[in-house]
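Predicted coordinates and the sequence they were generated for:
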Amino acid sequence: GNSVTQMEGPVTLSEEAFLTINCTYTATGYPSLFWYVQYPGEGLQLLLKATKADDKGSNKGFEATYRKETTSFHLEKGSVQVSDSAVYFCALSDYNTNAGKSTFGDGTTLTVKP
Amino acid sequence: EPEVTQTPSHQVTQMGQEVILRCVPISNHLYFYWYRQILGQKVEFLVSFYNNEISEKSEIFDDQFSVERPDGSNFTLKIRSTKLEDSAMYFCASSPMGRDSYNSPLHFGNGTRLTVT
């Protein structure tokens, strides 16, 4: 079956530090990959996505590259801000599964201190 | 931008009682989902719904759970006899129909926090 493994948290960084959150996946087909962000008290919202190998998703200074050879989709940001404090979820959707059902990682809590 | 709305935001109920969680998906979306998140951690798939029927469900979605699309806009999750372990945040999500729907991200509501006492 499909699975997503994220680096364990929590992660605490100082403002302007470099961020990497690792994500690797296992899928039976050709998945699309997503990063979702959850701010305190809110639902999940899409941060970025990539739908095929070597695609790079980017948004709000965050980037992730779909690496098929290493089955990875690591999230990076060059300079984090306090407002980036949130829980980040890596997810995949496999065309072999019905109707876009997504499999999520466990989530990584990021705290950015001023 | 259209969004998924969920009501109530917080529901407290006694063990053994029935609860209904309500969702209004984005109007032109045709795939609907319920996910559960316990203790702010893992997001777990419960059920997907398309064309007025369940298309897939997880092992969590046992006989105590049911979903319904009673009209053209609402999508509900019913728990018939709640247990303490049903306490969680329940998220509704929707996505558009299409051959490439698996490429489409899920659009989530802000969730209903269910507390079973």
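Noted; the coordinates are in hand. Numbering: from 1, shown residues only, chains lettered A, B, ... in the order given.

make it CA atoms for all contacts and neighbour counts henceforth
Fine.

any bit of the one helix or strand in chain A whose mean pLDDT sits lowest sitting next to chain B?
Averaged element by element with mean pLDDT, DSSP states H and E, chain A has its least confident helix or strand at strand A:102-104 (a mean of 89). Yes. Contact between strand A:102-104 and chain B, assessed by C-alpha under 8 Å from any C-alpha of the partner chain, occurs at A:Ser102, A:Thr103, A:Phe104.

Which of those residues ranks first by neighbour count?
Neighbour tally across the residues of strand A:102-104 next to chain B (other C-alpha atoms under 10 Å in any protein chain shown): the maximum, 26 neighbours, falls on A:Ser102.

which ones are touching that one?
Contacts for A:Ser102 were tallied using C-alpha atoms under 8 Å, 6 or more residues apart in numbering or on different chains; they are A:Ala91, A:Leu92, A:Ser93, A:Asp94, B:Phe45.

neighbouring contacts of the host helix or strand of the second one?
Going back to what we said before, that points to A:Leu92. Element membership for A:Leu92, per DSSP states H and E: strand A:86-94. For strand A:86-94, the surrounding residues in contact (C-alpha under 8 Å, 6+ apart) are A:4, A:6, A:23, A:25, A:27-40, A:100-111, B:102-103.

among those residues, which are in strands?
Under the assignment DSSP state E, those contribute A:4, A:6, A:23, A:25, A:31-38, A:102-104, A:108-111 to strands.

hmm, back to that, just the angle between the strand holding A:Leu92 and strand A:31-38, please?
160 degrees (axes from the mean of the first three to the mean of the last three C-alpha atoms, to 10 degrees).

In PyMOL, select just the buried ones from the contacts of strand A:86-94.
To isolate the buried subset of the contacts of strand A:86-94 in PyMOL, counting by 16 or more other C-alpha atoms under 10 Å in any protein chain shown, use the following:
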select buried, (chain A and resi 4+6+23+25+27+31+32+33+34+35+36+37+38+100+101+102+103+104+105+106+107+108+109+110+111) or (chain B and resi 102+103)
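
on that earlier part again, which one of the residues of strand A:102-104 next to chain B is nearest A:Glu16?
A:Glu16 has its nearest neighbour among these in A:Phe104, at 27.7 Å by C-alpha to C-alpha.

Is that closest one in contact with B:Glu44, as I believe?
Yes. With the criterion set as C-alpha atoms under 8 Å, A:Phe104 and B:Glu44 qualify as a contacting pair; they are 7.4 Å apart.

low pLDDT regions in chain B?
Applying pLDDT under 70 to chain B flags residues B:40, B:97-103.

swap the cut-off to 80 and go again
B:1-2, B:39-41, B:72, B:97-104 (pLDDT under 80).

In it, which residue is most central in space?
Computing the C-alpha centroid of chain B and ranking residues by C-alpha atoms, centre = their mean puts B:Trp34 first, at 2.7 Å.

Around chain B, pick out the residues from chain A.
For chain A, the residues in contact with chain B (C-alpha under 8 Å from any C-alpha) are A:32, A:34, A:41-46, A:49, A:51, A:93-95, A:98-107.

quick one: the nearest residue to B:Phe108 once chain neighbours are set aside and A:Ser58, what's the gap?
Excluding its sequence neighbours, the residue lying closest to B:Phe108 (C-alpha to C-alpha, 6 or more residues apart in numbering or on different chains) is B:Ala93, at 4.3 Å. Relative to A:Ser58, B:Ala93 is positioned 22 Å away (C-alpha to C-alpha, to the nearest Å).
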